[in-house]
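1. Coordinates for the following, if possible.
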Amino acid sequence: MADSRPVFFFDIDNCLYPKSKKVHDHMTVLIDAYFMKHLELDQEEAYRLHMEYYKTYGLAIEGLVRHHKIDALEYNRQVDDALPLDDIIHPDPQLRKMLGDLDTTKVKPWLFTNAYSTHGKRVVKLLQVEDLFEGMTFCDYGKSPMVCKPHLEMFEKAIKEADAGEAKNCWFVDDSALNCKKAEELGWTAVHLVEEGEPLPAVKPCKYQVRHLDELRTLFPQFFKSS
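-> A predicted model of the protein is given here:
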């Protein structure tokens, strides 16, 4: 029998754990170091190019692969997999409770990340929520061309891998305004997560905006177990 459940896609980084954990700051240092070493740039130019690629492609690594033919999996080993996550990310009982309260007879929880699979799996394992998702769509650093959010092909990949069928069956939460805007344009129900203390965007990228993932209970009660 076909699985007709809608799918709730969860971004991972700065979404399942708070941006205030500053994982991205650690990542920026490693990315800039990679640019400096492999492209023989000074720190200022490395940071400038890193930001240019991030804004243009959604991922610094996509620019590196497109323009410099670097080994994306080696980059992943030196950047994402080198992050000291064990010291930063810890089990989150509140997150686990929220995800555990999803009624999986009515909705399919699915991870949707621009990271490679090793990083995504590592994060959810440290948060102790890996058993609460039915799968993960990730950016495959081993494939060329590389496909990541907010590109149309990445959203199509997620629909296919999660067996969602079509856009109207897709719900999605992400801290990236760009990703949420694209998802809504494609017919997904998108929720922009803006952490407490972070400035709200001047223009909302999509209909829904939350400060905490727990607010998903109020927005979409149809997907949660009734207490």
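
2. from here on, contacts and neighbour counts on C-alpha atoms
-> OK.

3. all helices for the chain, in order.
-> 23-39, 43-57, 60-68, 72-78, 93-100, 117-127, 152-161, 177-185, 216-219 (DSSP state H).

4. For residue 110, find the nearest of those.
-> Nearest of these to residue 110, taken as CA to CA: helix 152-161 at 9.1 Å.

5. then the worst-scoring helix or strand of the chain on mean pLDDT to CSV, C-alphas only?
-> None of the helices or strands of the chain scores lower by mean pLDDT, DSSP states H and E than helix 60-68, at a mean of 88. Output of helix 60-68 as CSV, limited to C-alpha atoms (Å, rounded to 0.1, in the frame of the first residue of the first chain):
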residue,chain,number,x,y,z
ALA,A,60,30.9,27.6,-0.1
ILE,A,61,31.8,24.1,-1.3
GLU,A,62,29.6,24.4,-4.4
GLY,A,63,31.7,27.4,-5.6
LEU,A,64,34.9,25.5,-4.8
VAL,A,65,33.8,22.5,-6.9
ARG,A,66,32.5,24.6,-9.8
HIS,A,67,35.5,27.0,-10.1
HIS,A,68,38.5,25.1,-8.5
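
6. Flag the shaky bits of the protein, pLDDT-wise.
-> Low-confidence segments of the chain (pLDDT under 70): 1-2, 227.

7. switch the cut-off to 90
-> 1-3, 24, 54-67, 69-70, 143-147, 226-227 (pLDDT under 90).

8. Do I have it right that residue 47 meets residue 33?
-> No - look at residue 47 against residue 33 with CA atoms under 8 Å: they stay out of range, at 9.1 Å.

9. got any residues that touch both of the two?
-> Shared contacts of residue 47 and residue 33 (CA atoms under 8 Å, 6 or more residues apart in numbering): none.

10. re earlier: please render the helices of the chain as JSON lines that adds mean neighbour count and distance to residue 143 to the earlier fields.
-> Shown next, in JSON lines, are those (neighbours: other CA atoms under 10 Å; distance: least, CA to CA, whole Å):
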{"stretch": "helix 23-39", "mean neighbour count": "17", "distance to residue 143": "20"}
{"stretch": "helix 43-57", "mean neighbour count": "16", "distance to residue 143": "16"}
{"stretch": "helix 60-68", "mean neighbour count": "18", "distance to residue 143": "10"}
{"stretch": "helix 72-78", "mean neighbour count": "16", "distance to residue 143": "9"}
{"stretch": "helix 93-100", "mean neighbour count": "15", "distance to residue 143": "31"}
{"stretch": "helix 117-127", "mean neighbour count": "18", "distance to residue 143": "13"}
{"stretch": "helix 152-161", "mean neighbour count": "17", "distance to residue 143": "13"}
{"stretch": "helix 177-185", "mean neighbour count": "21", "distance to residue 143": "21"}
{"stretch": "helix 216-219", "mean neighbour count": "14", "distance to residue 143": "34"}
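
11. Using TSV, lay out those together with distance to residue 167.
-> Shown next, in TSV, are these (distance: least, CA to CA, whole Å):
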stretch	distance to residue 167
helix 23-39	30
helix 43-57	23
helix 60-68	25
helix 72-78	30
helix 93-100	22
helix 117-127	23
helix 152-161	7
helix 177-185	9
helix 216-219	19
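
12. Of the ones you listed, give the one that comes closest to residue 109.
-> Comparing the helices of the chain by CA to CA, helix 93-100 comes nearest, at 8.2 Å.

13. Quick one: residues in contact with that closest one.
-> 16, 128-129, 132, 213-214, 217.

14. and what of stretch 40-59?
-> Under CA under 8 Å, 6+ apart, the answer for stretch 40-59 is 31-33, 35-36, 60-64, 114, 148-150.
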